[in-house]
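J.: my questions are about this predicted structure, shown below with the sequence.
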Amino acid sequence: MVKKEINNPAWIHEILERGPRVKGPKSRTDWDFLVYELKKMEISPGEAYRIIAEKKGNTNNRFDWKMVRFTMYVWERLKESEKMFLRPKIDTVREVVSSKRFKAYFRGYYPDLDFDHEKEVKLLNKLIAEKPQRHLFSEGNYYYEKTRKIIPQKVLDRILQIK
């Protein structure tokens, strides 16, 4: 057998030649096999539950987590604009990710994952800059902090500097 490496084309070719190794559904219906495979893949019970809940549940945790992060970012930009000085976006992102609130929400949405500050800064910064996410920065999606007053589009455009 060829050495198993993802970047090794010979290994991928061998898989394509051999075909999938799928056993019939009746051969793997016991829970012990599932537990064995999860342990072999080093997946914790919490992580397994989160994955299953995301795929089979009726909640959309990824979208909810994205909107929570965007809201914290918008609130931080509002605080900066009140001081009459908008810092560079990456500095605002670092400030948001460093906050206790961000870490608490992260643990709430992903209790089985370790918090990596630099990774989260990078992910949030990329997410904010993505063009497909721009429609989410529109009036009606955000309220002022601790109120039910909607942030107008004019204010969002000014603080987010989206063109």
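T.: It's in.
J.: what residue is smack in the middle of this protein?
T.: With distances taken as CA atoms, centre = their mean, the residue of the chain nearest its centroid is R62 (5.6 Å).
J.: with adjacent residues omitted, what lies nearest to it?
T.: E54 (6.9 Å; CB to CB, 6 or more residues apart in numbering). Yep, even glycine has a C-beta here, placed from its N, CA and C like the rest.
J.: got the domain ranges for this structure?
T.: 29-59, 69-160 (automatic domain parsing).
J.: check the offset of the helix or strand hosting the residue nearest to R62 from the chain's centre.
T.: Take DSSP states H and E as the rule and E54 turns out to sit in helix 45-56. Distance, stretch centre to chain centre, for helix 45-56: 14 Å (CA atoms, centre = their mean, to the nearest Å).
J.: CA atoms only: put that helix into CSV for me.
T.: Provided in CSV are the C-alpha atoms of helix 45-56 (Å, rounded to 0.1, in the frame of the first residue of the first chain):
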residue,chain,number,x,y,z
PRO,A,45,-18.5,13.0,23.7
GLY,A,46,-19.1,16.8,23.8
GLU,A,47,-17.6,17.3,20.3
ALA,A,48,-19.6,14.4,19.0
TYR,A,49,-22.8,15.8,20.4
ARG,A,50,-22.1,19.3,19.0
ILE,A,51,-21.4,17.8,15.5
ILE,A,52,-24.6,15.7,15.6
ALA,A,53,-26.7,18.6,16.9
GLU,A,54,-25.4,20.9,14.2
LYS,A,55,-26.1,18.4,11.4
LYS,A,56,-29.4,16.9,12.7
